[in-house]
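1. my questions concern the predicted model and sequence given below.
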Amino acid sequence: MVGMHFQPIERPAQAFQQPVTPAHLQEISRRVFGRDVVEAVELGLGMYNTTYKVTIEGRDRPVVMRFAPEPARQARSERELMRNEYATAPYLAPIAPLMPRIIAADWSHELIGRDYLVQTLLDGVPAPRRPARLPPPHLDELLQEDGGGHQKGPRRARPGIRPGGGARVPDVERGRGRRPARAGGGRGRRRPARRRPA
């Protein structure tokens, strides 16, 4: 552990997200890779898991270690949320090239009293930082709010998948402000008419 650079995010003791210790990161790295951690920097973009970008000695690329909250801190509707995420991975196979690959998952709580995943690190700009680069009129077109000021995500412009793989950036993000017309020219799907029993 000598020489490991550890950069957590300072949070109050009562904060929902809680850090892990450098010793925990080292133990996980040794179990998964058989190597020591050189650097671990906490990424503060999420609101649920505690996430670190971790550089492992002898590996060309950093990995991501994500830690679920301790079971006692999870709401009933959030129980084992990371396990559910892991279980859905096979169903996302068609878009697997766009997602981080899961290297290891551990629900045993042997090394730490929390579920955790080790994943590959994707290249690019984290999604929460990307919309800030859009001009305000285009950002309004791309995002919607739920009335309480919370971002719900894309409204009209959605990335597609090119035949050669990878994501296609919506025209809105490129600053053109145009969206492809929907088939039939409507503003969404129409509900089928209900049939009344005879």
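-> Yes, it's here. Residues are numbered from 1 along each chain as shown.

2. can you give me the helices in the chain?
-> Along the chain, counting by DSSP state H, helices occupy 22-32, 81-88, 136-142.

3. any chance of those helices in a markdown table, plus mean pLDDT, mean neighbour count and distance to Asn49?
-> To be clear about C-beta, it is placed using only N, CA and C from the backbone, and glycine gets the same treatment. Formatted as a markdown table, the helices of the chain follow (pLDDT from 0 to 100; neighbours: other CB atoms under 10 Å; distance: least, CB to CB, whole Å):
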| stretch | mean pLDDT | mean neighbour count | distance to Asn49 |
| --- | --- | --- | --- |
| helix 22-32 | 97 | 18 | 14 |
| helix 81-88 | 92 | 14 | 7 |
| helix 136-142 | 55 | 15 | 25 |
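
4. among those, which is nearest Gly58?
-> Gly58 lies closest, by CB to CB, to one member of these: helix 22-32, at 10.7 Å.

5. what's that closest one packed up against?
-> Under the contact criterion of 3 or more CB pairs under 8 Å, 6 or more residues apart in numbering; DSSP states H and E, helix 22-32 touches strand 37-43, strand 50-56, strand 102-106, strand 116-120.

6. what about 6 Å?
-> For helix 22-32, the elements it packs on are strand 37-43, judged by 3 or more CB pairs under 6 Å, 6 or more residues apart in numbering; DSSP states H and E.

7. returning to what we had before: mind putting the helices of the chain in TSV, distance to Gln74 included?
-> Below are the helices of the chain laid out as TSV (distance: least, CB to CB, whole Å):
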stretch	distance to Gln74
helix 22-32	19
helix 81-88	7
helix 136-142	31
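
8. could you give the bridge partners of the spatially closest residue to Val20 that is not a sequence neighbour?
-> The spatial neighbour of Val20 that comes closest, neighbours along the chain excluded (CB to CB, 6 or more residues apart in numbering), is Phe67 at 5.5 Å. Beta-bridge pairing of Phe67 under DSSP bridges involves Thr50, Tyr116.

9. where does the chain dip in pLDDT?
-> 1-2, 126-198 (pLDDT under 70).

10. hmm, back to that, now for the residue nearest to Val20: which residues touch it?
-> Contacts for Phe67 (CB atoms under 6 Å, 6 or more residues apart in numbering) come out as 20, 50, 114, 116.

11. between those, which is nearest Arg59?
-> Among the contacts of Phe67, and counting by CB to CB, the member closest to Arg59 is Tyr116, at 17.8 Å.

12. quick revisit: closest one of the contacts of Phe67 to Pro94?
-> Tyr116 (26.3 Å).

13. returning to that earlier point: pipe the contacts of Phe67 into TSV and attach distance to Ile9 and neighbour count per row.
-> Shown next, in TSV, are the contacts of Phe67 (distance: CB to CB, whole Å; neighbours: other CB atoms under 10 Å):
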residue	distance to Ile9	neighbour count
Val20	12	21
Thr50	9	23
Arg114	16	22
Tyr116	17	24
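
14. tabulate those residues (TSV), appending distance to Met4.
-> Below are the contacts of Phe67 laid out as TSV (distance: CB to CB, whole Å):
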residue	distance to Met4
Val20	13
Thr50	17
Arg114	20
Tyr116	18
